[in-house]
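> Let me see the structure of the following:
(one chain, ligands or ions: 3)
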Amino acid sequence: MLHVFALSIILLGTILLLFSLGPVNHIYKTDNNAGWRVLRALVLFFIAGYLGVSYYFFLQSSLNAADVMVSTIMFAGACFVALVVRFSLSSLNKLEQSAAAERSNALHDSLTGLPNRKFLMDCLQEHIDARRYFSLLILDLNRFKQINDALGHYVGDLLLIRVGQKLKQALPSDIQLFRLGGDEFAIVSTKDESAHTRHIVDIIHHSLETTFEIEDYELSVSASIGVTHFPENGQSIGVLLQQGDLAMYASKKHSNLYTEYDESLESGAAEKVHIAAQLKEAISLEKFELWYQPIIDLSTNSIHGAEALLRWPQADGSYIAPDKFIKVAEQSALINRITEWVMQRVSEDIESFSGSGLELCIHINLSVKDLQDPMIVSKVRKVLTKHAMKDHKLMLEVTESAMMTDIAQVKNTMQQISEAGLVFSIDDFGTGYSSLALLRDLPVGQIKIDRSFIRNIANSNADLAIVKSTIYLAQNLGCNIVAEGVEDAETANLLTDLGCDFVQGYYYSKPQRRDDFVYFVQQYDQQSAVLLVK
Ligand code: C2E
Ligand code: CA
Ligand code: CA
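Ligands and ions are numbered 1, 2, ... in the order given. As a prediction, this is how the structure comes out:
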C-alpha cells in the first residue's frame, strides 16, 4: 500500500513537472532571460531525477516511512515548481496586456479614440520604407474655432468626437483616418487611382452635410481638404505633411472642395517665410511709415479725422502692401509689436497735429491678436496717459470676425478699453459673420460699411438696400456710420442723402504721408467749398 502511494505521488509530481515545461518555454521565449533557461534545465533535471527515484522505488520490495517522506517532499516540490511557473506566466500575460494598452494609448487620440499623429507618422514611414504608393489628405474643419469659442470647449469636444465617428463610419475600411490635433484630421489611402481621391473627398463632404445635434444645438460643419501623393510629390513625412497643409490652406482660402498639392502653392509660402524674416528686422529698426487717409464729416463737409494705415517701404522705393504683411504678422506675436508701434506713433502725430491747430480723430486698426493680447488694456492706458490725449481723438477699428473669436474675452477687453475712454468702430461691416447680438452686447460706437457695398450703390438696388438698412440700424443703436471706399461724387451725394455721417475714399483722398496729409487738411477748406456745390 505504501509502495503504491509513494510511487503514485512521485509520478504525479513528474507529470506536474512535465506540464510546467510548456509555460517555462513560453516565458523564456517572451522574456528572453537566461534565468528561465536555467529553470528549464533544472525542470528537465528534476524530471529525470523523479523518474530515476520512481524506478528505484519500483525495484524495492518494500518501502519504509523515510521513503514515503522523501516521495511526499518530492511531490510538494513539483507542486511548488508548477505553481510558481503558472503564476509567473499569468503575471507576465497581465504585464503584456497593460503594455499593449499603453502602446495603443500612445498611438490613439484620447478624445476621439482615433489613431493619432504619432500613429500617422509610423504608418507613413512604413509605406515610405516599403516604397508603397499612398495619398495623404489633410482635413481641417471650417469655422470650428468660432463654434468652440462661442459655445465652449465641452460642445467643441463633443462635436469633434461626432465628426470623427461620422467620418470613420463613412470611409471604406481600407482607408485610415487619424486625428492630428485640434480640428485637423488626416486620411491615408494606398489606392493608386486619381478618381479614388475624388471619391474620398466626396465621401467626406457628403458625411458632413448633415447637422450634428449636440446638447441643444444643431451644428453644421464643413471641411477644407488638401491632398498630396507619395512618391510623386515628396519623399519624406515632413515634406508630405507640409504639402498637405499648404494644399489644405489653399482649399480653405478659395473655398474649394479640395486642393491637390502642386509646386505653385510653394511660391506663396516661400514669400510668407521671406516676409516674416524681414518683418522682424523692420519692427526692430522701426522701418514702417504711417500714412493717413482723411475721413470727411458729411454734415459739415469738413475733415473729421483720418485712418492711420501702415506702409512698409522697401529699398527700391516700392511698398509692401499691408494686406500682405499684416496676415503674416498675425501668425506670430509680431502683430502686437506692430500695433504698439502704431499706437505710439499715432499718439505722437496727434500731438503734432494739435500743435498745427488741427484737432483730428485718428483711427487705428486693431488685429484679432491685439484683442487677445493680455497686455492690450495696459498698453492703451499707457499711451493715453503718456500723451495726455483727449479721448475722442483716438478710435479703434476692429473687424466683426476679430470680435467673434472669443466673445466673452473680447467683450471684457473692449469694455475695459472703452472705460478708459476709447471708442470702437466695426471695420468692414457686412463682410464677416455679422451678428446683431454683437452690436447689442459690445461697446461699439461706430459702424464702417465695407467698400464692397458702397462701390455699386448708384447702380445696384440690393447694395443700396443694404446700405440704407445699415444706416437705419446704426442710427437706432446710437452708433454713427462711416462709408468707406467712396470713389465718385455720385456715391458721395447719395450717401449724404441717406444720412450717412462720415465718408472715406479715393474721391476725397488716397492715404498720404503725414506731412502731405497735414497740408491736405490745411488746404481743405477751400476745396470743401468746391465739393459742397458739386
Ligand atoms: P482697411 O482697414 O479696410 O483699410 C482701408 C483700405 O482701403 C486701405 O487699404 C485703403 O487704402 C483702401 N481704400 C481707401 N479708400 C479706398 C477707395 O476709395 N477705393 C479702394 N479701392 N480702396 C480704398 P490699405 O492701406 O492697403 O490697407 C489694407 C488693409 O490692411 C486695411 O484694410 C487693414 O485691414 C490693414 N491695415 C492697414 N494698416 C493697418 C494697421 O496699422 N494695423 C492693422 N492691424 N491692420 C492694418
Ligand atoms: Ca480699417
Ligand atoms: Ca475697412
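
> ok, now how distant is the residue in the stretch 151-300 of the chain positioned nearest to ligand 3 from Val518?
Relative to ligand 3, the nearest point of the stretch 151-300 of the chain is Gln293 (10.4 Å; CB to the ion). (Each C-beta comes from the backbone N, C-alpha and C, glycine too.) Separation of Gln293 from Val518 (CB to CB, to the nearest Å) stands at 13 Å.

> what's the answer for Asp174, then?
For Asp174, the distance to Val518 (CB to CB) stands at 70 Å.

> likewise Val486?
22 Å.

> Could you point out the longest helix of the protein?
helix 65-107 (DSSP state H).

> going on from it, what's the next piece of helix or strand?
Going down the chain from helix 65-107, the next helix or strand is helix 117-129, by DSSP states H and E.

> contacting residues around that next one?
106-108, 115, 133-134, 136, 176, 178-181, 186, 188, 190, 230, 235-237, 240 (CB atoms under 8 Å, 6 or more residues apart in numbering).

> Among these, name the buried ones.
By neighbour count, with 16 or more other CB atoms under 10 Å, those hold 107-108, 115, 134, 136, 176, 178-180, 186, 188, 230, 237, 240 as buried.

> What is the nearest of the residues you listed to Leu219?
When the buried ones among the contacts of helix 117-129 are compared for distance to Leu219 (CB to CB), Arg179 wins out at 17.9 Å.

> secondary structure class for that closest one?
strand (DSSP: H, G, I helix; E, B strand; the rest coil).

> Show me how the protein divides into domains.
2-107, 117-262, 271-533 (automatic domain parsing).

> Same list, those domains, but as TSV with mean pLDDT please.
Putting the domains of the chain into TSV (pLDDT from 0 to 100) gives the following:
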stretch	mean pLDDT
domain 2-107	86
domain 117-262	92
domain 271-533	89
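
> With distance to ligand 1 as new columns, can these be given to me in a markdown table?
Shown next, in a markdown table, are those (distance: least, CB to the nearest ligand atom, whole Å):
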| stretch | distance to ligand 1 |
| --- | --- |
| domain 2-107 | 42 |
| domain 117-262 | 17 |
| domain 271-533 | 3 |
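
> wait, doesn't Leu396 sit right on Leu371?
No. Here Leu396 does not reach Leu371: they are 9.5 Å apart, not a contact under CB atoms under 8 Å.

> who has more neighbours, the two?
Ranked by neighbour count (other CB atoms under 10 Å), Leu396 and Leu371 place Leu396 first, with 24 against 21.

> Would you mind listing the buried residues in the lengthiest strand in the chain?
Across the chain, the strand with the greatest residue count (assigned by DSSP state E) is strand 302-313. For strand 302-313, burial by neighbour count (16+ other CB under 10 Å) applies to 303-310, 312.

> can you check stretch 282-295 too?
Neighbour-count burial for stretch 282-295 [16+ other CB under 10 Å]: 282-283, 288, 290-295.

> And for stretch 315-334?
Going by 16+ other CB under 10 Å, stretch 315-334 has these buried residues: 320, 322, 325-326, 328-330, 334.

> which helices and strands does the helix or strand containing Leu473 pack with?
Taking DSSP H and E as the definition, one finds Leu473 inside helix 461-476. With contacts defined as 3 or more CB pairs under 8 Å, 6 or more residues apart in numbering; DSSP states H and E, helix 461-476 has these neighbours: strand 446-449, helix 451-454, strand 480-484, helix 489-498.

> Turn the ones you listed into TSV, columns for mean neighbour count and distance to Lys168.
Shown next, in TSV, are those (neighbours: other CB atoms under 10 Å; distance: least, CB to CB, whole Å):
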stretch	mean neighbour count	distance to Lys168
strand 446-449	24	45
helix 451-454	20	41
strand 480-484	24	47
helix 489-498	16	53
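
> Now distance to ligand 2 too, for these, in TSV please.
Shown next, in TSV, are these (distance: least, CB to the ion, whole Å):
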stretch	distance to ligand 2
strand 446-449	7
helix 451-454	10
strand 480-484	7
helix 489-498	18
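
> what would those look like in CSV with distance to Gly49?
Below are the helices and strands packed on helix 461-476 laid out as CSV (distance: least, CB to CB, whole Å):
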stretch, distance to Gly49
strand 446-449, 98
helix 451-454, 97
strand 480-484, 101
helix 489-498, 109
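
> Which one of these lies nearest to Ser194?
Between Ser194 and those, the tightest spacing by CB to CB is seen for helix 451-454, at 37.2 Å.

> can you give me the offset of the closest one from its chain's centre?
When C-alpha coordinates are averaged (CA atoms, centre = their mean, to the nearest Å), helix 451-454 and its chain have centres 31 Å apart.

> repeat for stretch 461-480
The answer for stretch 461-480 is 35 Å, by CA atoms, centre = their mean.

> do stretch 38-51 as well
Here stretch 38-51 is found 64 Å from its chain centre; the criterion is CA atoms, centre = their mean.

> Could you give me the buried positions within that stretch?
Buried residues in stretch 38-51, counted by 16+ other CB under 10 Å: 39-40, 43, 46-47, 50.

> now swap in stretch 140-159 and tell me
140-141, 143-144, 146-151, 155-156, 158-159.

> before we move on, what about stretch 12-32?
Under 16+ other CB under 10 Å, the buried positions of stretch 12-32 are 12-14, 16-17, 20, 23-24, 27-28.

> repeat for stretch 474-481
Buried residues in stretch 474-481, counting neighbours by 16+ other CB under 10 Å, are found at 474, 479-481.

> try stretch 517-527
So for stretch 517-527, counting by 16+ other CB under 10 Å, buried means 517-518, 520-521, 524.

> can you pull the contacts of Gly317?
Contacts of Gly317 by CB under 8 Å, 6+ apart: none found.

> any idea what it is structurally, helix, strand or coil?
Reduced to three states by three-state DSSP, Gly317 is coil.

> Phi, psi for it please.
phi 90, psi -10 (degrees, to the nearest 10).

> can you check Glu215 too?
phi 50, psi -120.

> residues touching the nearest residue to it once chain neighbours are set aside, list them.
Distances taken as CB to CB, 6 or more residues apart in numbering place Val155 nearest to Glu215, at 5.9 Å, with adjacent residues excluded. By CB under 8 Å, 6+ apart, the contact list for Val155 reads 147-148, 214-215, 217, 219.
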